[in-house]
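In: got a predicted structure plus its sequence, pasted below:
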Amino acid sequence: MEFEPGASVLIGPNGVGKTNLVEALGYVATLASHRVGTDAPLVRAGAESAVIRCLVAHDGRELLIELELVPGKANRARLGRSPVRRVRDILGALRMVLFAPEDLELVKGEPASRRRYLDELLVARRPRFAGVLADYERVLKQRNALLRTAHLARRTGGAADLSTLEVWDTHLVRHGAELTAGRLELVAALRPHVADAYRAVAATDAGGRAGAELSYRGSVPVEAEQAVDREQLAAGLAGALAQARPVDVERGVTTVGPHRDDLLLALDGLPAKGYASHGESWSYALALRLAAYRLLRAEGREPVLVLDDVFAELDAGRRERLARSIGDATQTLVTCAVEQDVPAALRGARYLVAEGEVTRV
């Protein structure tokens with residue numbers, strides 16, 4: 001398929017593959033699916049692998065991105081027909097912001113959803129953080145394996161060998177402080193965009209109301225508004241790890257660090273989770289995605305916008321306000337089962353999606 005600038009609407013009943021297409025684009029942009037946590041469901045039943053090819057055009061230049069997903073084995077990737085050493089080296093080639101019904105989990109769900117939101121945006125904004133994340137997750141896995149082995153040894157009456165724990169602590173502190181610093185800087189940059197986007201989508205006036213507010217709850221208390229001091233963060237994280245060591249050894253798992261942090265969402269001074277109505281929660285989720293789009297747009301190359309079956313979840317007012325907020329986007333892809341759910345401002349090129357076929361109409 002070749003999409004032109006402006007809005008493109010993919011129309012078809014549920015289950016014919018509309019989300020497959022935008023999910024493939026999302027994988028190119030983030031190396032993950034917005035629906036599932038592993039690659040296996042992305043490969044057609046009975047097939048050994050899945051292949052995604054995406055040609056990105058920007059400023060008169062074109063870049064071909066190719067990915068092969070092989071469940072149980074290492075995925076492979078090429079940029080411009082040349083193999084890359086690490087699959088994550090393709091990150092940044094396609095910038096994309098995806099709105100999906102699953103986004104309600106950002107407000108109502110567990111902290112892992114909000115951490116993923118921050119980390120995907122962090123990498124889209126600064127691709128080098130893909131390496132920071134990978135390094136942190138690798139060290140965390142090794143530290144947890146050591147703690148688990150020691151925990152099992154103690155339960156069976158053996159000796160717990162924790163002689164290398166200090167080494168893993170040192171690495172965890174270094175990568176964890178860098179990741180936390182990146183998240184804090186991101187939250188500070190996002191805060192005004194989220195507040196503005198919430199007012200736009202929810203049609204509220206800021207007069208006398210706090211509106212939508214973000215804050216970061218980390219293992220080391222630091223105000224996001226302050227200039228982030230990485231040495232201070234590292235020292236604080238090292239202290240938190242030392243304090244939590246008896247608990248970690250007892251439980252066999254690392255209980256402090258960026259993998260346990262959370263992005264706190266408040267609405268008019270109260271926690272959005274639990275206090276916000278269903279409509280307010282949707283407005284907040286949309287505001288988080290709109291804020292990501294506006295931040296990326298303000299800092300460089302504009303991302304592709306994708307709205308996957310979102311309009312069916314929204315009332316008429318939110319549909320129109322969301323459409324106005326993104327009406328000037330360079331490229332927008334919309335999927336829907338009923339075309340009438342899509343505001344007129346976003347009804348550009350239309351494609352009918354059936355089993356195995358996409359037809360321009």
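Out: Sure thing, it's come through. If you're wondering where the values come from, they're calculated on a predicted model, not measured in any experiment.

In: need phi/psi at residue 349.
Out: Dihedral pair for residue 349: phi -60, psi 140, per degrees, to the nearest 10.

In: ok, residue 11 next?
Out: phi -110, psi 130.

In: how close does it get to residue 340?
Out: 10 Å (C-beta to C-beta, to the nearest Å). C-beta: built from backbone N, CA, C; applies to glycine.

In: please identify which of the two sits among more neighbours.
Out: residue 11 (20 against 9; other C-beta atoms under 10 Å).

In: sheet-wise, list the partners of the one helix or strand residue 358 maps to with their directions.
Out: For residue 358, the host element (DSSP states H and E) is strand 357-360. Applying DSSP bridges, strand 357-360 is found paired with strand 349-354 (antiparallel).

In: contacts made by the strand it pairs with with the rest, please.
Out: Residues from elsewhere that reach strand 349-354 (C-beta atoms under 8 Å, 6 or more residues apart in numbering): 1, 3-4, 6-12, 16-18, 21, 335, 339, 358-361.

In: stretch 46-60 - what's its average pLDDT?
Out: For stretch 46-60, the mean per-residue pLDDT is 90.

In: now do the end-to-end distance for it.
Out: Its start and end residues considered, stretch 46-60 measures 40 Å (C-alpha to C-alpha, to the nearest Å).

In: which parts of that stretch are buried?
Out: Buried positions in stretch 46-60, judged by neighbour count with 16 or more other C-beta atoms under 10 Å: 49, 50, 52, 54, 56.

In: same question for stretch 141-153.
Out: Neighbour-count burial for stretch 141-153 flags 143, 144, 146, 147, 150, 151 (criterion: 16+ other C-beta under 10 Å).

In: from these, pick the one nearest residue 99.
Out: Residue 99 has its nearest neighbour among the buried residues of stretch 141-153 in residue 144, at 34.0 Å by C-beta to C-beta.

In: that older thread, how about the buried residues of stretch 141-153 in JSON lines, adding secondary structure?
Out: Converted to JSON lines, these look like this (DSSP: H, G, I helix; E, B strand; the rest coil):
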{"residue": "143", "secondary structure": "helix"}
{"residue": "144", "secondary structure": "helix"}
{"residue": "146", "secondary structure": "helix"}
{"residue": "147", "secondary structure": "helix"}
{"residue": "150", "secondary structure": "helix"}
{"residue": "151", "secondary structure": "helix"}
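
In: TSV for those residues, including distance to residue 261?
Out: Converted to TSV, the buried residues of stretch 141-153 look like this (distance: C-beta to C-beta, whole Å):
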residue	distance to residue 261
143	17
144	17
146	22
147	19
150	25
151	24
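
In: sorry, back to before: and of the buried residues of stretch 46-60, the nearest to residue 116?
Out: Using C-beta to C-beta, residue 52 comes nearest to residue 116 of the buried residues of stretch 46-60, at 20.4 Å.

In: isn't there a strand covering the closest one?
Out: Yes: judged by three-state DSSP, residue 52 forms part of a strand.

In: my read: it touches residue 29, true?
Out: No: look at residue 52 against residue 29 with C-beta atoms under 8 Å: they stay out of range, at 10.9 Å.
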